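Undergrad: With the input below, show me the fold.
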Amino acid sequence: MTIGDEEFNLLRRLIKSRFGINLTDQKRSLVVGRLQKLLRGEGFVNFKQYYEYLVNDKSERGLSELINRISTNHTYFNREKAHFDFFQQTALPAVVEMMRRQNNRDLRIWCAGCSSGEEPYTLQMLMMEHFGSEYSKWDAGILATDISERVLSIARAGIYPQERVAQLPQPLQNKYFRKLPDGNCQVTEAVRKEIVYRRFNLMNEKFPFKKPFHMVFCRNVMIYFDQQTREGLVQRFNQSTVNGGYLFIGHSETLGRNHALYRYVMPAVFQKGA
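TA: Numbers count the residues shown, from 1 in each chain. Okay, the predicted model is just below:
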(Lines give C-alpha, C1' and ligand atoms only; values in the text may rest on other atoms or scores of the structure.)
Protein backbone atom coordinates (compact mmCIF):
# COMPACT_ATOMS: atom_id res chain seq x y z
CA MET A 1 0.00 0.00 0.00
CA THR A 2 1.37 3.43 -0.93
CA ILE A 3 0.64 6.92 0.42
CA GLY A 4 0.28 9.97 -1.80
CA ASP A 5 1.48 13.50 -1.00
CA GLU A 6 -1.99 14.71 -0.06
CA GLU A 7 -2.68 11.73 2.20
CA PHE A 8 0.70 11.99 3.93
CA ASN A 9 0.26 15.72 4.51
CA LEU A 10 -3.23 15.21 5.97
CA LEU A 11 -1.98 12.51 8.33
CA ARG A 12 1.09 14.36 9.48
CA ARG A 13 -0.87 17.56 10.14
CA LEU A 14 -3.30 15.54 12.24
CA ILE A 15 -0.47 13.85 14.17
CA LYS A 16 1.28 17.20 14.71
CA SER A 17 -1.88 18.95 15.96
CA ARG A 18 -2.94 16.14 18.29
CA PHE A 19 0.38 14.77 19.55
CA GLY A 20 3.06 17.35 18.70
CA ILE A 21 5.09 14.82 16.71
CA ASN A 22 6.68 16.44 13.66
CA LEU A 23 6.89 13.88 10.83
CA THR A 24 9.32 15.00 8.12
CA ASP A 25 9.22 13.79 4.50
CA GLN A 26 11.89 11.22 5.45
CA LYS A 27 9.33 9.53 7.75
CA ARG A 28 6.92 8.67 4.92
CA SER A 29 8.13 5.07 4.61
CA LEU A 30 7.96 4.69 8.41
CA VAL A 31 4.30 5.78 8.38
CA VAL A 32 3.45 3.28 5.65
CA GLY A 33 5.42 0.49 7.30
CA ARG A 34 3.75 0.92 10.68
CA LEU A 35 0.20 1.49 9.43
CA GLN A 36 -0.36 -0.63 6.32
CA LYS A 37 -1.08 -3.86 8.27
CA LEU A 38 -3.62 -1.94 10.39
CA LEU A 39 -5.33 -0.48 7.30
CA ARG A 40 -5.59 -3.89 5.62
CA GLY A 41 -6.86 -5.53 8.81
CA GLU A 42 -9.56 -2.88 9.27
CA GLY A 43 -10.61 -2.95 5.62
CA PHE A 44 -9.49 0.55 4.55
CA VAL A 45 -8.75 0.74 0.84
CA ASN A 46 -6.34 3.71 1.12
CA PHE A 47 -4.85 6.25 3.54
CA LYS A 48 -7.43 8.92 2.63
CA GLN A 49 -10.26 6.69 3.82
CA TYR A 50 -8.30 5.94 7.00
CA TYR A 51 -7.74 9.66 7.64
CA GLU A 52 -11.46 10.41 7.25
CA TYR A 53 -12.24 7.65 9.74
CA LEU A 54 -9.80 9.18 12.26
CA VAL A 55 -11.22 12.71 12.10
CA ASN A 56 -14.83 11.47 12.36
CA ASP A 57 -14.24 8.91 15.13
CA LYS A 58 -15.80 10.51 18.22
CA SER A 59 -14.50 7.74 20.51
CA GLU A 60 -10.88 8.56 19.47
CA ARG A 61 -10.02 4.87 19.68
CA GLY A 62 -8.57 5.16 16.19
CA LEU A 63 -6.30 8.03 17.23
CA SER A 64 -5.15 6.05 20.25
CA GLU A 65 -4.21 3.11 18.04
CA LEU A 66 -2.49 5.47 15.59
CA ILE A 67 -0.19 6.93 18.25
CA ASN A 68 0.53 3.45 19.62
CA ARG A 69 1.92 2.54 16.20
CA ILE A 70 3.60 5.82 15.23
CA SER A 71 5.37 6.68 18.50
CA THR A 72 8.88 5.31 19.01
CA ASN A 73 9.26 3.89 22.49
CA HIS A 74 12.94 2.99 22.62
CA THR A 75 14.24 2.93 26.17
CA TYR A 76 16.22 0.76 28.57
CA PHE A 77 17.34 0.64 32.19
CA ASN A 78 20.03 3.16 33.17
CA ARG A 79 19.76 5.05 29.88
CA GLU A 80 21.94 8.18 30.18
CA LYS A 81 23.32 6.93 33.49
CA ALA A 82 24.79 10.33 34.44
CA HIS A 83 21.23 11.56 35.07
CA PHE A 84 20.50 8.82 37.58
CA ASP A 85 23.83 9.48 39.33
CA PHE A 86 23.03 13.19 39.53
CA PHE A 87 19.51 12.44 40.77
CA GLN A 88 20.82 10.15 43.51
CA GLN A 89 23.86 12.15 44.59
CA THR A 90 22.80 15.79 44.08
CA ALA A 91 19.25 16.62 42.99
CA LEU A 92 17.33 14.37 45.40
CA PRO A 93 19.36 15.36 48.51
CA ALA A 94 19.04 19.05 47.55
CA VAL A 95 15.27 18.83 47.07
CA VAL A 96 14.81 16.84 50.29
CA GLU A 97 16.82 19.43 52.24
CA MET A 98 14.76 22.26 50.72
CA MET A 99 11.55 20.44 51.68
CA ARG A 100 12.71 19.79 55.23
CA ARG A 101 13.25 23.52 55.68
CA GLN A 102 9.67 24.05 54.45
CA ASN A 103 8.37 21.27 56.73
CA ASN A 104 6.95 19.60 53.61
CA ARG A 105 7.03 15.84 52.95
CA ASP A 106 5.02 15.73 49.71
CA LEU A 107 7.82 14.95 47.22
CA ARG A 108 6.48 15.13 43.67
CA ILE A 109 8.29 13.64 40.65
CA TRP A 110 6.86 13.34 37.14
CA CYS A 111 8.18 11.11 34.37
CA ALA A 112 6.60 12.62 31.25
CA GLY A 113 6.97 10.18 28.37
CA CYS A 114 7.72 7.22 30.62
CA SER A 115 7.51 4.62 27.82
CA SER A 116 7.67 1.03 29.15
CA GLY A 117 8.57 2.03 32.71
CA GLU A 118 12.32 1.57 33.01
CA GLU A 119 12.94 5.22 33.95
CA PRO A 120 10.29 5.63 36.70
CA TYR A 121 11.13 2.25 38.22
CA THR A 122 14.83 3.15 38.41
CA LEU A 123 14.06 6.53 40.00
CA GLN A 124 11.70 4.90 42.50
CA MET A 125 14.33 2.35 43.53
CA LEU A 126 16.95 5.08 44.00
CA MET A 127 14.48 7.12 46.03
CA MET A 128 13.71 4.16 48.30
CA GLU A 129 17.44 3.57 48.71
CA HIS A 130 17.95 7.21 49.66
CA PHE A 131 15.24 7.30 52.33
CA GLY A 132 15.67 3.76 53.64
CA SER A 133 13.42 3.12 56.64
CA GLU A 134 12.29 6.78 56.54
CA TYR A 135 10.56 6.31 53.18
CA SER A 136 7.16 5.58 54.71
CA LYS A 137 7.23 8.99 56.41
CA TRP A 138 7.27 10.71 53.01
CA ASP A 139 4.56 11.04 50.40
CA ALA A 140 7.04 10.27 47.67
CA GLY A 141 5.65 8.24 44.77
CA ILE A 142 6.07 8.99 41.07
CA LEU A 143 3.59 10.05 38.40
CA ALA A 144 4.52 8.38 35.10
CA THR A 145 2.67 9.33 31.91
CA ASP A 146 2.79 8.44 28.24
CA ILE A 147 0.61 8.96 25.18
CA SER A 148 0.72 5.25 24.29
CA GLU A 149 -1.56 2.88 26.18
CA ARG A 150 0.43 -0.03 24.74
CA VAL A 151 3.65 0.89 26.55
CA LEU A 152 1.77 1.87 29.70
CA SER A 153 0.39 -1.67 29.95
CA ILE A 154 3.97 -3.01 29.79
CA ALA A 155 5.07 -0.49 32.43
CA ARG A 156 2.25 -1.40 34.82
CA ALA A 157 3.18 -5.08 34.67
CA GLY A 158 6.85 -4.28 35.34
CA ILE A 159 8.09 -7.49 33.68
CA TYR A 160 11.37 -7.37 31.74
CA PRO A 161 13.83 -9.86 30.22
CA GLN A 162 16.79 -10.71 32.47
CA GLU A 163 19.29 -9.16 30.04
CA ARG A 164 17.49 -5.78 30.23
CA VAL A 165 17.46 -5.82 34.04
CA ALA A 166 21.18 -6.73 34.04
CA GLN A 167 21.96 -3.12 33.05
CA LEU A 168 21.11 -2.06 36.63
CA PRO A 169 23.55 -2.31 39.57
CA GLN A 170 23.46 -5.79 41.13
CA PRO A 171 22.20 -4.57 44.56
CA LEU A 172 19.11 -3.00 42.90
CA GLN A 173 18.48 -6.19 40.92
CA ASN A 174 18.68 -8.33 44.04
CA LYS A 175 16.49 -6.08 46.18
CA TYR A 176 13.78 -4.84 43.84
CA PHE A 177 13.14 -7.67 41.33
CA ARG A 178 11.85 -11.21 41.58
CA LYS A 179 12.63 -13.96 39.10
CA LEU A 180 9.60 -15.41 37.30
CA PRO A 181 9.31 -19.09 36.26
CA ASP A 182 9.78 -18.13 32.57
CA GLY A 183 13.14 -16.47 33.31
CA ASN A 184 11.88 -12.88 33.12
CA CYS A 185 12.17 -10.49 36.06
CA GLN A 186 9.35 -8.50 37.66
CA VAL A 187 9.68 -5.30 39.67
CA THR A 188 8.55 -6.01 43.23
CA GLU A 189 5.07 -4.98 44.35
CA ALA A 190 6.62 -2.60 46.91
CA VAL A 191 8.07 -0.54 44.04
CA ARG A 192 5.20 -0.95 41.56
CA LYS A 193 2.56 0.35 43.97
CA GLU A 194 4.48 3.63 44.42
CA ILE A 195 4.09 4.63 40.76
CA VAL A 196 0.89 5.93 39.20
CA TYR A 197 0.75 5.30 35.44
CA ARG A 198 -1.59 7.48 33.37
CA ARG A 199 -2.19 8.15 29.69
CA PHE A 200 -1.47 11.84 29.13
CA ASN A 201 -0.98 14.04 26.09
CA LEU A 202 1.80 16.61 26.52
CA MET A 203 0.07 18.76 23.92
CA ASN A 204 -2.70 19.63 26.40
CA GLU A 205 -2.74 23.43 26.52
CA LYS A 206 -3.03 23.42 30.30
CA PHE A 207 -1.66 20.81 32.65
CA PRO A 208 -4.28 19.72 35.21
CA PHE A 209 -1.98 19.24 38.21
CA LYS A 210 -3.07 20.80 41.49
CA LYS A 211 0.47 21.03 42.87
CA PRO A 212 3.81 21.64 41.13
CA PHE A 213 6.56 19.03 40.83
CA HIS A 214 10.03 19.03 42.37
CA MET A 215 11.47 17.19 39.37
CA VAL A 216 10.28 16.58 35.83
CA PHE A 217 11.91 13.98 33.59
CA CYS A 218 11.07 14.39 29.90
CA ARG A 219 13.95 12.67 28.17
CA ASN A 220 14.15 11.89 24.46
CA VAL A 221 10.59 13.03 23.83
CA MET A 222 11.11 16.55 22.46
CA ILE A 223 13.36 15.30 19.64
CA TYR A 224 10.10 14.51 17.81
CA PHE A 225 8.78 18.09 18.18
CA ASP A 226 9.56 21.24 16.22
CA GLN A 227 11.04 24.31 17.94
CA GLN A 228 7.74 26.07 18.61
CA THR A 229 6.17 22.94 20.11
CA ARG A 230 9.25 22.38 22.32
CA GLU A 231 9.21 25.95 23.62
CA GLY A 232 5.52 25.75 24.51
CA LEU A 233 6.05 22.46 26.32
CA VAL A 234 9.04 23.75 28.30
CA GLN A 235 6.95 26.74 29.36
CA ARG A 236 4.21 24.42 30.65
CA PHE A 237 6.81 22.31 32.47
CA ASN A 238 8.17 25.46 34.09
CA GLN A 239 4.71 26.47 35.30
CA SER A 240 4.31 23.00 36.81
CA THR A 241 7.65 23.01 38.68
CA VAL A 242 8.52 24.42 42.10
CA ASN A 243 11.18 27.10 42.37
CA GLY A 244 14.50 25.27 42.71
CA GLY A 245 13.05 22.19 40.97
CA TYR A 246 14.79 20.29 38.18
CA LEU A 247 14.02 19.48 34.54
CA PHE A 248 15.83 16.51 32.96
CA ILE A 249 15.78 16.24 29.15
CA GLY A 250 17.56 13.89 26.72
CA HIS A 251 21.22 14.37 25.83
CA SER A 252 20.27 14.84 22.17
CA GLU A 253 17.96 17.71 23.19
CA THR A 254 18.83 21.19 24.39
CA LEU A 255 17.30 24.28 25.97
CA GLY A 256 20.46 26.30 25.51
CA ARG A 257 22.66 27.36 28.41
CA ASN A 258 21.05 30.78 28.69
CA HIS A 259 17.41 29.76 28.77
CA ALA A 260 15.15 32.42 30.27
CA LEU A 261 13.18 29.97 32.46
CA TYR A 262 15.90 27.59 33.64
CA ARG A 263 19.49 27.62 34.84
CA TYR A 264 21.89 25.20 33.15
CA VAL A 265 23.24 22.67 35.67
CA MET A 266 24.93 19.98 33.56
CA PRO A 267 24.31 18.46 30.12
CA ALA A 268 20.54 17.95 29.76
CA VAL A 269 19.77 19.01 33.36
CA PHE A 270 18.25 22.40 34.20
CA GLN A 271 17.00 24.06 37.38
CA LYS A 272 14.15 26.52 37.80
CA GLY A 273 15.29 29.71 39.55
CA ALA A 274 14.92 29.47 43.32
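
Undergrad: Quick check: the residue sitting furthest away from the middle of the chain vs residue 1, distance?
TA: Centroid-distance maximum for the chain: residue 45 at 34.2 Å, with CA atoms, centre = their mean. Distance of residue 45 to residue 1, computed by CB to CB, to the nearest Å: 9 Å. All C-beta spots, glycine's among them, are computed from the backbone N, C-alpha and C.

Undergrad: With residue 178 instead?
TA: Note on residue 178: its distance to residue 1, by CB to CB, is 44 Å.

Undergrad: Which of these two has more residues huddled nearby?
TA: Per other CB atoms under 10 Å, whichever of residue 178 and residue 1 has more neighbours is residue 1, with 13 against 10.

Undergrad: Name the SS class of residue 248, please.
TA: Here residue 248 is recorded as strand under DSSP: H, G, I helix; E, B strand; the rest coil.

Undergrad: Not counting sequence-adjacent ones, nearest residue to it?
TA: In space, and not counting its chain neighbours, residue 248 is closest to residue 217: 4.6 Å by CB to CB, 6 or more residues apart in numbering.

Undergrad: okay, now the domains of the protein?
TA: Split into domains by automatic domain parsing, the chain comes to 5-70, 81-272.

Undergrad: mean confidence score for stretch 208-216?
TA: Averaging pLDDT along stretch 208-216 gives 96.

Undergrad: Please name the nearest non-neighbouring residue to residue 161.
TA: residue 184 (5.8 Å).

Undergrad: just to revisit the earlier point, check whether the residue farthest from the centre of the chain sits in a helix, strand or coil.
TA: Put simply, residue 45 is coil when judged by three-state DSSP.

Undergrad: Next one: it, what pLDDT does it get?
TA: Each residue has a pLDDT score; the one for residue 45 is 90.

Undergrad: how much space between it and residue 2?
TA: Counting by CB to CB, the gap from residue 45 to residue 2 is 12 Å.

Undergrad: swap in residue 182?
TA: With the distance defined as CB to CB, residue 182 ends up 41 Å from residue 2.
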